[in-house]
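Trainee: Take this sequence and fold it.
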Amino acid sequence: MPAAAHAAAHAVVLSAGMTSVAGVFFAFYYNNLFPEQVFNISRSIELILAPIIGGIGTLFGPILGAFLLTGLSESMHEILSRLGIE
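Mentor: Alright, predicted model coming up:
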């Protein structure tokens with residue numbers, strides 16, 4: 001197996017492991033995993049927008065995008081609840 005293919009296989013395994021750990025934390029945080037909660041369209045849009053906002057070609061861009069999206073979502077929720085709009 002060439003070195004590049006070997007490194008790619010390691011990257012896929014590492015990514016799968018990190019995703020499974022994140023899924024476990026998600027399940028423990030919400031105490032359940034209902035399909036309508038996990039697989040809705042807004043969750044998919046959030047997951048796609050985070051790297052786009054932060055920058056797809058950078059290492060920390062998706063992390064920055066996730067922090068920005070989370071902060072924006074929480075602040076909008078707070079502002080709308082203060083205005084009485086749900």
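Trainee: Please list all residues in contact with residue 60.
Mentor: By Cβ atoms under 8 Å, 6 or more residues apart in numbering, the contact set of residue 60 is residue 54. Quick note: C-beta positions are derived from backbone N, CA and C, even for glycine.
Trainee: measure it to residue 68 for me?
Mentor: 12 Å (Cβ to Cβ, to the nearest Å).
Trainee: what do those two both touch?
Mentor: Common neighbours of residue 60 and residue 68 are listed as residue 54 (criterion: Cβ under 8 Å, 6+ apart).
Trainee: shaky segments in this protein?
Mentor: Within the chain, the segments meeting pLDDT under 70 span 37-38.
Trainee: Quick check, central residue of it?
Mentor: In the chain, the centroid-proximal residue (Cα atoms, centre = their mean) is residue 47; its distance is 4.8 Å.
Trainee: May I ask you to name the longest helix in the protein?
Mentor: Ranked by residue count and defined by DSSP state H, the top helix of the chain is helix 3-30.
Trainee: In the helix or strand where residue 74 lies, which residues are buried?
Mentor: Using DSSP states H and E, residue 74 sits within helix 61-83. In terms of neighbour count (16 or more other Cβ atoms under 10 Å), helix 61-83 has its buried residues at 61, 62, 65, 66, 69.
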